[in-house]
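Peer 1: got a predicted structure here, sequence first:
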2 protein chains.
Amino acid sequence: MPLRILLVDDERELAGAVQTVLQRQGHVVDHCADGLAGWTLLSGELARYELAIVDWMLPGLSGPELCRRARSAGLALPLLLLTARAGTADRVEGLDAGADDYLSKPFAMEELLARVRALQRRQPSYREPELEVGPYRFDPQSGQLQVSTSAGVVTIPLAGKEQQLMAYFLAHPERIIPGSELRSQLWDLHQDPVSNVVAAQVRLLRRRLAVHGLACLIETVPSRGYRFSSMVLGAS
Amino acid sequence: MPLRILLVDDERELAGAVQTVLQRQGHVVDHCADGLAGWTLLSGELARYELAIVDWMLPGLSGPELCRRARSAGLALPLLLLTARAGTADRVEGLDAGADDYLSKPFAMEELLARVRALQRRQPSYREPELEVGPYRFDPQSGQLQVSTSAGVVTIPLAGKEQQLMAYFLAHPERIIPGSELRSQLWDLHQDPVSNVVAAQVRLLRRRLAVHGLACLIETVPSRGYRFSSMVLGAS
DNA sequence: CAGCCGATTTCACCTGTTTTTCATCGCCCC
DNA sequence: GGGGCGATGAAAAACAGGTGAAATCGGCTG
């Protein structure tokens, strides 16, 4: 449900507002003001973006040009163009460049959100993720984790970041996930590089589960990362 | 995977942060604050740098000037310019001087890392190294060494420096590698010249392999260096 | 608008691991 | 036997990651 979004727009104020609104929806948003920088981020392996919102007019590399590059590089993510122009010709040019949708400024934030939702649903790659592993089932809708134990089903409500973290673990069961990957997928880039948010959040999630009588689903593999294993099932 | 990097920047604080972050990624980083000193290091044979990160404004020799010199000296390594300026004209000047990429301050550390990775991949000389020699296969991704023995495949997780060392040996099998070469490629210059880090680390690597039942892959050729030979295969 | 509350991040401290240093040892050669 | 090298084990230093408490943030309520 939450998306990893790249926002490329050089209008400070608007960009800030958009970023805030999207973050409030639970998305993780990186922002940059320059077309070339945007291209680097989009094509780099730093984060796998699931949506890009790109202004038409940009320093470095124009919006449509950025879309074209993305498409010719084989990136399949949804692209949403923002623009001050309203003409049909522009719209056509934008869509030709590979954009999936087109929003003319000024726009209501609600409309942006609606289009983001629409794009998310429309994408062929889109699938409501099946977040069910062994006895664990996470419903992103309600943000609740359900676990079947011998004593019945336990339902645990999770906080925002806990949800994202849990979802990520459930999407990659049994895999050793480096902390750096969690950080790049679940937190935005303007992070103090020496902070231990990831460790802290993992601890909170562990504690949350522990409080409800579940032990140690998430193990630490020293200097390698974390692993979510559905095998280990402790019940109180 | 790990790079030998030269960082030329006179802003103490920023440079320190950048160096730390890069080192944490496993790179070997030398830092100097002066353009001329940077040029000496880059053109000298003390170390073969695989990437240089250069500030625009420097005492001694400006960033673009340093790039120009490097290019006209035939150095092919990727050059990344850092600058406080954001204008397109500057960008053009930087790229004209021979830089491969351009990052305006302030930047997120993660973005720097992304660009470093991008440059690393983009270089024509870049090849995902095939670290497989005889029965030994090292995967830099997971940092694990896999060895096929008569008793099956043994998987050995290696610590940071052990990985770098192993990778170096696997990249130069059968060759006699002088200790001094290992030191200059795998350790930065601010080393106590009378330390025996190399010998110590070689010993740790040997021991790690021994613990897992493998004997003496790395032989010492007295007063010449070390040789990794895939021939010798001991199994417990 | 103040104060509260839960969520999140930061901080200082702690722990176990990795890396470096140090002192010493053994080997080969003269 | 002594000098040059590299090996060795122990100890020290540096480091990554875990932890609880405290600070911060943002929304919500009275």
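Peer 2: That came through fine.
Peer 1: how many neighbours does residue A:225 have?
Peer 2: 18 (other CB atoms under 10 Å in any protein chain shown). All C-beta atoms are positioned from the backbone trio N, CA, C, and that covers glycine.
Peer 1: okay, and the beta partners of it?
Peer 2: Applying DSSP bridges to residue A:225 yields these beta-bridge partners: residue A:221.
Peer 1: wait, what's in contact with it?
Peer 2: By CB atoms under 8 Å, 6 or more residues apart in numbering or on different chains, the residues touching residue A:225 are A:176, A:177, A:178, A:179, A:181.
Peer 1: same deal with residue A:181?
Peer 2: Applying CB under 8 Å, 6+ apart to residue A:181 gives the contacts residue A:225.
Peer 1: ok, now residue A:182?
Peer 2: Here residue A:182 is in contact with A:165, A:168, A:198, A:202, A:226 (CB under 8 Å, 6+ apart).
Peer 1: how about residue A:71?
Peer 2: Counting by CB under 8 Å, 6+ apart, residue A:71 touches A:97, A:98.
Peer 1: 10 Å - rerun?
Peer 2: Counting by CB atoms under 10 Å, 6 or more residues apart in numbering or on different chains, residue A:71 touches A:79, A:97, A:98, A:99.
Peer 1: now residue A:186
Peer 2: A:2, A:4, A:28, A:47, A:161, A:164, A:165, A:167, A:168, A:197, A:198, A:201.
Peer 1: what do you get if the cut-off is 7 Å, keeping everything else the same?
Peer 2: Going by CB atoms under 7 Å, 6 or more residues apart in numbering or on different chains, residue A:186 touches A:28, A:164, A:165, A:168.
Peer 1: now render those as a markdown table, adding distance to DNA strand D, neighbour count and secondary structure.
Peer 2: Converted to a markdown table, the contacts of residue A:186 look like this (distance: CB to the nearest atom of the strand, whole Å; neighbours: other CB atoms under 10 Å in any protein chain shown; DSSP: H, G, I helix; E, B strand; the rest coil):
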| residue | distance to DNA strand D | neighbour count | secondary structure |
| --- | --- | --- | --- |
| A:28 | 15 | 22 | strand |
| A:164 | 16 | 24 | helix |
| A:165 | 13 | 23 | helix |
| A:168 | 15 | 18 | helix |
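Peer 1: what would the residues you listed look like in a markdown table with pLDDT?
Peer 2: Output for the contacts of residue A:186, formatted as a markdown table (pLDDT from 0 to 100):
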| residue | pLDDT |
| --- | --- |
| A:28 | 87 |
| A:164 | 88 |
| A:165 | 91 |
| A:168 | 89 |
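Peer 1: where do the strands sit along chain A?
Peer 2: A:4-8, A:28-32, A:51-55, A:79-83, A:101-104, A:132-133, A:136-139, A:144-149, A:152-157, A:176-177, A:218-221, A:225-228 (DSSP state E).
Peer 1: work out the sheet partners of the third one and label each with its direction, please.
Peer 2: Taking DSSP bridges as the criterion, strand A:51-55 forms sheet pairs with strand A:4-8 (parallel), strand A:79-83 (parallel).
Peer 1: how about the last one: buried residues?
Peer 2: It refers to strand A:79-83. Within strand A:79-83, the residues scored as buried using 16 or more other CB atoms under 10 Å in any protein chain shown are A:79, A:80, A:81, A:82, A:83.
Peer 1: can you list the weak-confidence ranges in chain A?
Peer 2: Low-confidence segments of chain A, defined by pLDDT under 70: A:45-46, A:86-91, A:123-130, A:216, A:231-236.
Peer 1: domain assignment for it?
Peer 2: If you go by automatic domain parsing, the domain ranges for chain A are A:4-122, A:132-228.
Peer 1: the last one: end-to-end distance?
Peer 2: Using CA to CA, to the nearest Å, the gap from the first to the last residue of domain A:132-228 comes to 12 Å.
Peer 1: for the domains of chain A, which one ends up most surrounded?
Peer 2: Stretch with highest mean neighbour count among these: domain A:4-122 (a mean of 18; mean count of other CB atoms under 10 Å in any protein chain shown).
Peer 1: from the chain's centroid, how far away is that domain?
Peer 2: Chain-centre distance of domain A:4-122: 14 Å, with CA atoms, centre = their mean, to the nearest Å.
Peer 1: over to stretch A:107-123?
Peer 2: Distance, stretch centre to chain centre, for stretch A:107-123: 15 Å (CA atoms, centre = their mean).
Peer 1: equivalent analysis for stretch A:194-203, please.
Peer 2: Remark: stretch A:194-203 is offset 18 Å from the chain centroid, using CA atoms, centre = their mean.
Peer 1: residues of chain A that sit close to chain B?
Peer 2: Residues of chain A lying close to chain B by CB under 7 Å from any CB of the partner chain are A:40, A:41, A:44, A:45, A:46, A:59, A:184, A:189, A:190, A:191, A:193.
Peer 1: and the two most separated of those residues?
Peer 2: The largest separation in the residues of chain A next to chain B, counting by CB to CB, is between A:59 and A:193 at 26.4 Å.
Peer 1: can you tell me which of the strands paired with strand A:51-55 comes nearest to residue B:54?
Peer 2: strand A:4-8 (26.2 Å).
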